[in-house]
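# Sharing a sequence plus its predicted fold:
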Amino acid sequence: MREIPEGRMVARIVETEAYLHDDPAAHSYRGETPRNRSLFLEGGHAYVYVAYGIHRMLNVAAGAHGVGTGVLVRAAEPLEGIELMQARRRTTVPTDLARGPGRLAEAMEITMALDAMDLTRPGPLWLGSIDRPTGEIGISVRIGITKAADLPLRFYERGSRFVSGPRTLNG
DNA sequence: CGGCTGATGATCT
DNA sequence: GATCATCAGCCGG
């Protein structure tokens, strides 16, 4: 759920990746720094960072305070406030709105101001639940990394057209 | 659909 | 100076 002055956006998460505390691919692997600080917060807090100088990535810290582990939110199915997402993404193609972490962040206006925010309570950005059945969950290796690239830590809803990645990974 | 490449900036070496 | 949890645009099949 995302609240901005212009209105409310709701999207259903359909793809995530886990980054573990002892995971060479995780930003927390070499210890806490100013950038990855919020990844070490209590589970449920946001970790937002800039990738490739352009895209913001939304993560949710997932461990106890002091443990650097979290979940990257990679894709979501737009449900409400779709016209707000279309305006931010400058396209009306449904699968181009939040399919991929950079697109998702742009569509829902995820800014660095949201870093370290508690997502378990209603606010500008938070995690709610939706009265809708969850599909079958597929598992694959993570996308776009070179370290620990063989671990099965990506999770997605099978059959959803809002999931990113090559089709061969989404069977 | 798959493959390639430039953009662009924070972070680390 | 290199790396990088990405994407848009362009090309060929």
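Right, received. Where do you want to start?
# going forward, measure contacts between C-alpha atoms and count neighbours the same way
OK.
# Tell me where chain A has strands.
Ranges of strands in chain A, per DSSP state E, are A:2-4, A:7-19, A:46-51, A:55-61, A:70-80, A:137-140, A:154-157.
# how about those, which one is nearest DNA strand B?
Minimum separation from DNA strand B across these (C-alpha to the nearest atom of the strand) falls at strand A:46-51, 5.1 Å.
# and the closest one, which residues are buried?
The neighbour-count criterion (16 or more other C-alpha atoms under 10 Å) identifies A:A46, A:Y47, A:V48, A:Y49 as the buried residues of strand A:46-51.
# That strand: partners in the sheet, and parallel or antiparallel?
Using DSSP bridges, the strands paired with strand A:46-51 in its sheet are strand A:55-61 (antiparallel).
# can you tell me which residues contact the residue most central in space within chain A?
For chain A, the residue whose C-alpha lies nearest the mean C-alpha position (C-alpha atoms, centre = their mean) is A:V73; its distance is 1.6 Å. The contact partners of A:V73, by C-alpha atoms under 8 Å, 6 or more residues apart in numbering, come to A:I13, A:E15, A:T16, A:E17, A:M57, A:L58, A:N59, A:V60, A:P101.
# and if we set it to 10 Å?
Neighbour list for A:V73: A:13-18, A:57-60, A:100-102, A:104-105 [criterion: C-alpha atoms under 10 Å, 6 or more residues apart in numbering].
# What of A:R161?
If you count contacts by C-alpha under 10 Å, 6+ apart, A:R161 has them with A:V14, A:A76, A:E77, A:P94, A:T95, A:R99, A:N170.
# Which parts of chain A are helices?
With helices called from DSSP state H, chain A shows them at A:82-89, A:101-107.
# closest one to DNA strand B among these?
When the helices of chain A are compared for distance to DNA strand B using C-alpha to the nearest atom of the strand, the nearest one is helix A:101-107, at 10.8 Å.
# Looking at the strands of chain A, which is nearest to A:P34?
Counting by C-alpha to C-alpha, A:P34 lies closest to strand A:46-51 out of the strands of chain A; the figure is 11.0 Å.
# Okay, buried residues for stretch A:11-23 please.
For stretch A:11-23, burial by neighbour count (16+ other C-alpha under 10 Å) applies to A:A11, A:R12, A:I13, A:V14, A:E15, A:T16, A:E17, A:A18, A:Y19, A:L20, A:H21, A:D23.
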